[in-house]
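In: next come a sequence and a model predicted from it.
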Amino acid sequence: MQLTDIGFRRSGKHIYRPWCEGCGECKSVRVPLSGYKESKSQKRVLKRNNDLQVSFELPSVTDEIYALYERYICQRHSDGDMYPPSMAQFEDFLCDSPSSSNTRFICFRLDKKLLAVAVVDMLPAGISAIYTFFDPDYHARSLGRLAVLWQIRWGKSQKMSFVYLGYWIKECQKMSYKTEYQPLEVFDGVDWQTLAPL
């Protein structure tokens, strides 16, 4: 938790913070839960998915979960460094951690069909969102947004303080969705500052 509070992130067993000489574009961001209010469009996403069943599960490489991950990477990120996916990559990235007892898979199912998994670390005062993958065929449900909104609602219900959303780069379109969750705080290297809505 102390490292998370100064902008560090976890990837597998590694705790890191990006550092590139002459560049400070990667910013750690978090949602302070006490002041969070859902927008109308966010309420619609939650309502659209109120037929899903949600469960907390221990991290594991089941056929069901890996098949979903594999489809997601192949269809959504075939141009990225996680392609092609592999069982070993999945295990190293999402199941192994310095404190695996704190890691959970939040699973979203429609009846018995797995639609999405949000991998999170449970911290004393909040949730650290590690990675989310979902069924690309259910685009209309906005499952990526749902995963964040569900964590925010659940964190508030547990009297937690923050949901940590990882790194954000202002000019990166793939990361722009993080600014939809307001208020949003950005770590500037010294302290957390509230980001003005873009």
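Out: Noted; the coordinates are in hand. Quick caveat: nothing in here was measured; it's all calculated off a predicted structure.
In: roughly how far apart are Phe56 and Ile106?
Out: When CB to CB, to the nearest Å is applied, the distance between Phe56 and Ile106 equals 6 Å. For glycine as for every other residue, the C-beta is placed from the backbone atoms N, C-alpha and C.
In: burial of the spatially closest residue to Phe133 that is not a sequence neighbour, as a residue count?
Out: On the basis of CB to CB, 6 or more residues apart in numbering, the spatially nearest residue to Phe133 that is not a chain neighbour turns out to be Tyr72, at 4.0 Å. Residue crowding around Tyr72 was assessed by other CB atoms under 10 Å; the count is 21.
In: so Tyr72 touches Phe134, yeah?
Out: Yes - taking contacts as CB atoms under 8 Å, Tyr72 lies within contact range of Phe134: 6.2 Å.
In: what's the neighbour count on Ser78?
Out: Around Ser78 sit 11 other residues, with neighbours defined as other CB under 10 Å.
In: A strand includes it, no?
Out: No - using DSSP: H, G, I helix; E, B strand; the rest coil, the assignment for Ser78 is coil, not a strand.
In: next one: phi and psi at it?
Out: Backbone torsions of Ser78, given as degrees, to the nearest 10, read phi -70, psi -10.
In: check contacts around it.
Out: For Ser78, the contact set (CB atoms under 8 Å, 6 or more residues apart in numbering) is empty.
In: for this protein, longest strand please?
Out: In terms of residue count, the longest strand belonging to the chain (DSSP state E) is strand 113-123.
In: secondary structure class for the residue nearest the centre of the chain?
Out: Nearest residue to the geometric centre of the chain (CA atoms, centre = their mean): Ala129, 3.4 Å. Under three-state DSSP, the three-state class of Ala129 is strand.
In: repeat for Trp150
Out: Look at Trp150: counting by three-state DSSP, its state is helix.
In: start the count at 289 instead of 1 going forward.
Out: Sure, I'll start counting at 289 from here, so that last one is Trp438.
In: number of residues surrounding it?
Out: The local packing count at Trp438 equals 19, with neighbours defined by other CB under 10 Å.
In: what sits closest to it if chain neighbours are left out?
Out: Val342 (6.6 Å).
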